[in-house]
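# model this:
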Amino acid sequence: MNPQNLALRVQSVRERIARACAESGRSAQSVTLLAVSKGQSVQLMGAAADLGVSSFGESYLNEALGKIAALRERDLEWHFIGRIQANKTRPVAESFAWVHAVDRLKIAERLSAQRPFHAPPLNVCLQVNLAGEASKGGVAPGELAALAHAVAALPRLKLRGLMCLPPQESSPQRQRHWFHALAALFHELNAGGARLDTLSMGMSDDFEAAIAEGSTLVRLGTVLFGPRSVQ
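The predicted model follows:
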């Protein structure tokens, strides 16, 4: 993709976010754009950074560590958005500012123990499996409160919010159904004193529905970059 096309895509996405926020009576600044850059080249990511994109989401650890090293001179915020294996927690804890897919206390405990003491607390979102899909990670809704309470007590983590990968739906109404369910869990936890501030929900095909239901962070890849250029 050439820089001009990328600039047009970034502008279009920002306009769509702003329009969705306006329709919900919200400020466009209330939604963070997280560029999902897995499979994309360092050069393309650098071009996105030149356009003001500062938060990048990766889910392939080895690829991500190389990109973090290559772009270390830039002031970028790195989010790990993939499922975490227990034997890969240390580099995640050492290299990222956010983790979006924590769904087990064991993983959270390892991240807490392995987070460097000179670094700020690692921001964490708990992944919720809203539809009970066996192919996806995530804590069951009925087990969320207990996990949230336990993770919030860990010393080197900061529990920020919830994340979901809902079933793929073509209808905006059905898309909103799942996002509404996650938002309800979010508000329920906050009513119990959790102090969460982040709803990580919405991707390229459904982010406007997610914003309508209160998303504060949308994870966008294809709509920004097109198909992956690196496999």
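
# what is the mean pLDDT for the helix or strand encompassing residue 33?
In the assignment (DSSP states H and E), residue 33 maps to strand 32-36. Computed over strand 32-36, the mean pLDDT rounds to 98.

# offset the numbering so it begins at 59, please.
With the count now opening at 59, the last piece we talked about shows up as strand 90-94.

# next secondary structure after that strand?
Following strand 90-94 toward the C-terminus (DSSP H and E): helix 100-108.

# now that next one: buried residues?
By neighbour count on 16 or more other Cβ atoms under 10 Å, the buried set for helix 100-108 is 102, 103, 105, 106, 107. Every C-beta, even on glycine, is put in place using the N, C-alpha and C of the backbone.

# so what touches stretch 74-85?
86, 88, 89, 91, 265, 266, 269, 270, 276 (Cβ atoms under 8 Å, 6 or more residues apart in numbering).

# assess the claim that the second one and residue 275 are in contact.
No: counting by Cβ atoms under 8 Å, residue 275 is not a contact partner of residue 88; they are 9.9 Å apart.

# which one's more surrounded, those two?
Comparing residue 88 with residue 275 by other Cβ atoms under 10 Å, the one with more neighbours is residue 275, at 25 against 14.

# what's opposite the more buried one in the beta bridge?
residue 90, residue 258 (DSSP bridges).

# quick check: pLDDT value at it.
pLDDT at residue 275 comes out at 98.

# tell me the buried residues in the strand holding residue 91?
Within strand 90-94, the residues scored as buried using 16+ other Cβ under 10 Å are 90, 91, 92, 93, 94.

# contacting residues around residue 279?
Contacts of residue 279 by Cβ under 8 Å, 6+ apart are 93, 94, 95, 96, 98, 115, 261, 262, 286.

# tell me the one of the residues you listed nearest residue 174?
If you rank these by distance to residue 174 using Cβ to Cβ, residue 115 comes first, at 21.2 Å.

# closest to residue 60 out of the contacts of stretch 74-85?
residue 91 (20.8 Å).

# that closest one contacts residue 71, correct?
Yes: contact status for residue 91 versus residue 71: in contact at 6.8 Å, counting by Cβ under 8 Å.

# where do the contact lists of those two overlap?
Looking at what touches both residue 91 and residue 71 (by Cβ under 8 Å, 6+ apart), the common residues are residue 278.

# residue 115 in helix, strand or coil?
strand (DSSP: H, G, I helix; E, B strand; the rest coil).

# correct me, but it touches residue 97?
No: here residue 115 does not reach residue 97: they are 11.6 Å apart, not a contact under Cβ under 8 Å.

# and those two? Which one has more around it.
residue 115 (24 against 16).

# in the sheet, who's paired with the more buried one?
residue 94, residue 137.

# give me every residue that touches it.
92, 93, 94, 95, 96, 137, 138, 139, 158, 277, 279.

# let's have the residues you listed in TSV, adding distance to residue 196.
Output for the contacts of residue 115, formatted as TSV (distance: Cβ to Cβ, whole Å):
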residue	distance to residue 196
92	18
93	23
94	18
95	23
96	19
137	17
138	15
139	13
158	11
277	15
279	19
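
# which of these sits closest to residue 251?
Looking across the contacts of residue 115 and measuring by Cβ to Cβ, the closest to residue 251 is residue 158, at 22.5 Å.
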